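>>> what shape does this take:
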Amino acid sequence: MKKWLFGGTVMLLLAFGAGIAISHAGSGNPVATYAGDVPTFLAGASGTLVLEDGCLYLRGQGTRRLPIFHDEEVAWNRDSQELTYLGEKYRLGDYIDLMGGVMDLREVGGLRLPRGCAPENPFAVAPSR
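The predicted structure is shown next:
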């Protein structure tokens with residue numbers, strides 16, 4: 001199933017280094033989130049939702065991206081393994097297009113990653129506001 005989402009825009013430059021405050025999402029929650037405002041830029045990421053190593057990723061065109069959603073716009077149902085984003089439900093294996101950008105982990109407050117999840121190819125999903 002192909003679903004399209006268009007929201008606000010986000011561009012954050014990828015950088016790893018000292019001073020990054022990361023907390024871990026609750027047990028059984030594979031969704032990475034952030035809180036607060038972020039700089040904006042138009043970009044997109046698309047792929048199939050997959051659950052690997054306890055993390056929810058987008059897999060497509062030979063790459064794996066870690067989508068990081070605004071914490072007020074996303075929920076994970078552990079029993080049904082469904083992602084709810086902006087009122088839409090997505091199952092593992094669904095194709096999804098997201099608007100946002102590459103994330104600079106040093107500039108984002110309230111970053112929550114699933115335990116054991118490597119922040120490879122992080123992609124900040126744009127908030128709808």
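
>>> what about the strands in the protein?
With DSSP state E, the ranges of strands along the chain come out as 2-4, 23-24, 32-34, 43-52, 55-60, 63-70, 74-77, 82-85, 88-91, 95-102, 112-113, 122-125.

>>> can you tell me which of these is most buried?
Highest mean neighbour count among these (mean count of other Cβ atoms under 10 Å): strand 122-125, with a mean of 28. Bear in mind the C-beta positions are built from the backbone N, C-alpha and C, glycine included.

>>> okay, and the helix or strand of the protein with the least pLDDT?
Ranked by mean pLDDT, DSSP states H and E, the helix or strand of the chain with the weakest confidence is strand 2-4, at a mean of 39.

>>> pLDDT below threshold where in this structure?
1-27, 37-41, 103 (pLDDT under 70).

>>> can you get me a residue count around the nearest residue to G36 once chain neighbours are set aside?
The spatially closest residue to G36, leaving aside those adjacent along the chain, is G109, at 4.4 Å (Cβ to Cβ, 6 or more residues apart in numbering). Residues within reach of G109, counting by other Cβ atoms under 10 Å, total 10.

>>> wait, doesn't G109 sit right on H70?
No - counting by Cβ atoms under 8 Å, G109 does not reach H70; the two are 11.5 Å apart.

>>> need the overlap of contacts for the two.
Contact with both G109 and H70 is made by residues 34-35, according to Cβ atoms under 8 Å, 6 or more residues apart in numbering.

>>> start and end of stretch 35-42, how far apart?
Stretch 35-42 has an end-to-end distance of 19 Å (Cα to Cα, to the nearest Å).

>>> do stretch 114-122 as well
With Cα to Cα as the measure, stretch 114-122 spans 13 Å from end to end.

>>> and that stretch, which residues are buried?
By neighbour count on 16 or more other Cβ atoms under 10 Å, the buried set for stretch 114-122 is 114, 117, 119, 121-122.
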